[in-house]
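> Predicted structure and sequence below. I'll ask about it afterward.
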Amino acid sequence: MEKIKAFLKRKNIIISAKRYGIDALGAMAQGLFASLLIGTIISTIGEQAGIQLLVDIGGYAKAATGPAMAISIGFALQCPPLVLFSLAAVGVAANTLGGAGGPLAVLIVTIFAAEFGKAVSKETKIDIIVTPFVTIFIGAGLSIWWAPAIGAVASAVGNAIMWATELQPFFMGILVSVIVGIALTLPISSAAICAALGLTGLAGGAAVAGCCANMVGFAVLSFRENKWGGLFAQGIGTSMLQMGNIVRNPRIWLPAILSSAITGPIATCVFHLQMNGAAVASGMGTCGLVGQIGVYTGWINDIASGAKAAITPMDWIGMLLVCFILPGVLTWAFGLFFRKIGWIKENDLKLDL
């Protein structure tokens, strides 16, 4: 056993929830952003502006989704070069065979392929053959064996959530909004979770609402401590910056969570806000305005498919209220109450910016 532990340590193979559930998952979301999401945005701009070059460029970016995710995961797992580069083929196999649940298949399969690749890396004199062979063989083999089932399960779970949201938009609007909003602020990736489950439609709209409640909410709530720097850092950056403060005083999270519980059902029941763009955008909130761009992309897709006649003023009003105005106002109001009763004290929300 000691020899195995020493070998794993020498190979930098760390089997832990943080390495796989936080580092790898977060990196996968970045890979998704750098391929599928940015490709969708570029394609949408090209389609709206009538520029075929942008449409083509966006298409190439979207085509690289599998490799981008796998290489990002490998980077987070600190793979040596030959393993890292070989993961491109693994990403193609897992994402293709995983279908709608491709991102989750890529995550699971890539972790195994990367760790096996790291285990054999530089152990032989023909490393340039052995390492990529083992990495790709394990990854592609597991993709053929596991990816269709993983994809089917992820898709089924995502479809169940979306079906439940359609059936019970009020209660599921609260549940999805609160859970995804919490995931956004925690050091895990809400974007990767939404992508893995293919969370779109009304459930995607509720997810966007929850993310915005946390990002815009914390930005406004902490304005007296962090001023304009904090407003932009959290409002279009990430509310994850507050995690250290949340650990010290968990009650500072309550205003944003309560706001998400209100904006979620408003999104689903009042404005019927849907995310029919890339599922990864459902978990991005106002980060770079990706969530809002995703909603807009969904409108364009719906118009193109005939599901929607046109973008209406109510669509824009709903997006503005759910994503920006209500999160700011509600979180500020709840924050005033919690400051008054002493649950939030001066500098509890202070960031080192």
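Now that the structure is in, tell me what you want to look at. Numbering: from 1, shown residues only.

> Now for the protein: which helix has the highest residue count?
helix 127-167 (DSSP state H).

> which helices and strands does that helix pack with?
On a contact count with 3 or more CB pairs under 8 Å, 6 or more residues apart in numbering; DSSP states H and E, helix 127-167 meets helix 81-98, helix 102-120, helix 169-185, helix 190-197, helix 201-221. No exception for glycine: its C-beta is placed from N, CA and C like everyone else's.

> right, and the helix or strand after the longest one?
Next along the chain after helix 201-221, taking DSSP states H and E as the criterion, comes helix 223-235.

> Output that following helix as PDB, nothing but the C-alphas.
Extracted C-alpha coordinates of helix 223-235, given in PDB (Å, rounded to 0.1, in the frame of the first residue of the first chain):
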ATOM      1  CA  PHE A 223     -21.300  48.300  -2.600                       C
ATOM      2  CA  ARG A 224     -20.800  50.300   0.600                       C
ATOM      3  CA  GLU A 225     -17.700  48.200   1.400                       C
ATOM      4  CA  ASN A 226     -16.300  47.600  -2.100                       C
ATOM      5  CA  LYS A 227     -17.600  50.500  -4.100                       C
ATOM      6  CA  TRP A 228     -17.300  50.400  -7.900                       C
ATOM      7  CA  GLY A 229     -14.500  48.000  -8.100                       C
ATOM      8  CA  GLY A 230     -16.500  45.400  -6.200                       C
ATOM      9  CA  LEU A 231     -19.600  46.200  -8.200                       C
ATOM     10  CA  PHE A 232     -17.900  45.200 -11.500                       C
ATOM     11  CA  ALA A 233     -15.800  42.400 -10.000                       C
ATOM     12  CA  GLN A 234     -18.800  40.600  -8.700                       C
ATOM     13  CA  GLY A 235     -21.500  41.900 -11.100                       C
END
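
> Report the distance from whatever helix or strand comes next after it to the chain centre.
Under the assignment DSSP H and E, the closest C-terminal helix or strand after helix 223-235 is helix 243-248. When C-alpha coordinates are averaged (CA atoms, centre = their mean, to the nearest Å), helix 243-248 and its chain have centres 21 Å apart.

> helices or strands up against the helix or strand following helix 243-248?
For helix 243-248, the succeeding helix or strand toward the C-terminus, using DSSP H and E, is helix 254-265. Under the contact definition 3+ CB pairs under 8 Å, 6+ apart, helix 254-265 sits against helix 169-185, helix 201-221, helix 326-340.

> Can I get those in TSV including mean neighbour count?
What follows is the helices and strands packed on helix 254-265, written out as TSV (neighbours: other CB atoms under 10 Å):
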stretch	mean neighbour count
helix 169-185	24
helix 201-221	32
helix 326-340	19
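
> would a markdown table of those helices with mean pLDDT and distance to Gly58 be doable?
Shown next, in a markdown table, are the helices and strands packed on helix 254-265 (pLDDT from 0 to 100; distance: least, CB to CB, whole Å):
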| stretch | mean pLDDT | distance to Gly58 |
| --- | --- | --- |
| helix 169-185 | 94 | 25 |
| helix 201-221 | 96 | 20 |
| helix 326-340 | 97 | 30 |
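
> Indicate which one of the ones you listed is closest to Tyr60.
With CB to CB as the criterion, Tyr60 lies closest to helix 201-221 of those, at 25.2 Å.

> The closest one relative to helix 254-265, how many degrees between them?
150 degrees (axes from the mean of the first three to the mean of the last three CA atoms, to 10 degrees).

> How far away from the center of its chain is helix 201-221?
Using CA atoms, centre = their mean, the offset of helix 201-221 from its chain centre is 13 Å.

> quick one, that helix and helix 223-235 angle?
140 degrees.

> just checking, what packs against helix 201-221?
With contacts defined as 3+ CB pairs under 8 Å, 6+ apart, the packing partners of helix 201-221 are helix 127-167, helix 169-185, helix 190-197, helix 223-235, helix 254-265, helix 290-305, helix 326-340.

> Taking helix 290-305 as reference, get the angle to that helix.
Using the same axes, to 10 degrees: helix 201-221 against helix 290-305 is 150 degrees.

> just to revisit the earlier point, just send the helices and strands packed on helix 201-221 back as CSV, with distance to Ile15 too.
What follows is the helices and strands packed on helix 201-221, written out as CSV (distance: least, CB to CB, whole Å):
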stretch, distance to Ile15
helix 127-167, 16
helix 169-185, 23
helix 190-197, 20
helix 223-235, 33
helix 254-265, 32
helix 290-305, 32
helix 326-340, 38
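
> most tightly surrounded among the ones you listed?
Among those, ranked by average contacts under mean count of other CB atoms under 10 Å, first place goes to helix 190-197 (a mean of 30).

> Name the residues of stretch 281-290 that are buried.
281-287, 290 (16 or more other CB atoms under 10 Å).

> Once you drop chain neighbours, what's closest to Tyr20?
Ile111 (5.8 Å; CB to CB, 6 or more residues apart in numbering).

> meant to ask about Lys11
Of all residues not flanking Lys11 in the chain, Lys118 sits nearest, at 5.1 Å (CB to CB, 6+ apart).
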